[in-house]
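Asker: sequence and computational prediction follow.
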Amino acid sequence: MPNWGGGAKCGACEKTVYHAEEIQCNGRSFHKTCFHCMACRKALDSTTVAAHESEIYCKTCYGRRYGPKGIGYGQGAGCLSTDTGEHLGLQFQQSPKTARSATTSNPSKFTAKFGESEKCPRCGKSVYAAEKVMGGGKPWHKTCFRCAICGKSLESTNVTDKDGELYCKVCYAKNFGPTGIGFGGLTQQVEKKE
């Protein structure tokens, strides 16, 4: 039977779509009023649509249905997704939870799991993240991050290390730098001719 006039058929309602009310997506035509997510029925536009074969979804429902699954795959920055996807016909598998004791019975298991905090080379105490400064490949307390000779507070621009100890550039140059005539200090005796 010939198609007398009329436009393409709507991908959602299968009725004729005329040019004035047509939205095209993924090679198919839709009425403006039929262009909504097939899962949550939210109205879509060209920036929020995600097509899968002959179906159209909002980006959130598309991600829930066809995106990665599991812990750590939330629906935005810094969120924990607790959506199980039941309203989309998805089945969520939960792992059985094991009972934990309220206190740690063996401290070595605790340190093995969470790691022992690093020790400051200067004072020997634990260095925690809030007070940690790296120098010479080792963690230091901010208060211990000083020159071993003059005690000057150090920064990344003026720190040098030798044998596991930190020095400011001035003290390092005086004690470990080159010596002799022309290097800032006269260390050789010059005989006076009379």
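Answerer: Arrived safely. Everything numeric in this text was worked out from a predicted model, so none of it was measured.
Asker: how about residue 15, what does it touch?
Answerer: By Cβ atoms under 8 Å, 6 or more residues apart in numbering, the residues touching residue 15 are 9, 31. Where you see a C-beta, it was placed from the backbone N, CA and C, and this is true even at glycine.
Asker: which residue ranges of the protein form strands?
Answerer: For the chain, applying DSSP state E gives strands covering 8-9, 16-17, 22-25, 28-31, 49-52, 55-58, 118-119, 126-127, 132-135, 138-141, 159-162, 165-168.
Asker: show me the contact partners of the first one.
Answerer: Read that as strand 8-9. Strand 8-9 is contacted by residues 15, 16, 17, 22, 28, 29 when judged by Cβ under 8 Å, 6+ apart.
Asker: try 7 Å this time
Answerer: Applying Cβ atoms under 7 Å, 6 or more residues apart in numbering, the contact partners of strand 8-9 are 15, 16, 17, 29.
Asker: nearest to residue 131, of those residues?
Answerer: residue 29 (63.1 Å; Cβ to Cβ).
Asker: now the closest one: closest residue in space, sequence neighbours ignored.
Answerer: residue 8 (4.1 Å; Cβ to Cβ, 6 or more residues apart in numbering).
Asker: how close does the one you found sit to residue 129?
Answerer: Using Cβ to Cβ, to the nearest Å, we find residue 8 at a distance of 60 Å from residue 129.
Asker: which one's more surrounded, the two?
Answerer: Looking at residue 8 and residue 129 with other Cβ atoms under 10 Å, you find the greater number of neighbours at residue 8, namely 15 against 8.
Asker: partners of the more buried one in the sheet?
Answerer: As for beta bridges, residue 8 partners with residue 17 under DSSP bridges.
Asker: and what of residue 29?
Answerer: According to DSSP bridges, beta-bridge pairing links residue 29 with residue 10, residue 24.
Asker: what pLDDT does it get?
Answerer: Residue 29 is assigned 86 on the pLDDT scale.
Asker: where does pLDDT dip in the protein?
Answerer: Judged by pLDDT under 70, the chain has its weakly predicted residues at 1-6, 69-116, 180-194.
Asker: distance of residue 66 from residue 26?
Answerer: Here residue 66 is placed at a distance of 14 Å from residue 26 (Cβ to Cβ).
Asker: brain fart, residue 20
Answerer: According to Cβ to Cβ, residue 20 stands 21 Å off from residue 26.
Asker: pick out whichever of the two has more residues nearby.
Answerer: More crowded of residue 20 and residue 26, by other Cβ under 10 Å: residue 26, with 14 against 7.
Asker: and the closest residue to that one other than its chain neighbours, what are its bridge partners?
Answerer: Leaving aside its sequence neighbours, residue 26 sits nearest to residue 51 (Cβ to Cβ, 6+ apart; 4.0 Å). Taking DSSP bridges, one finds residue 56 as the beta-bridge partners of residue 51.
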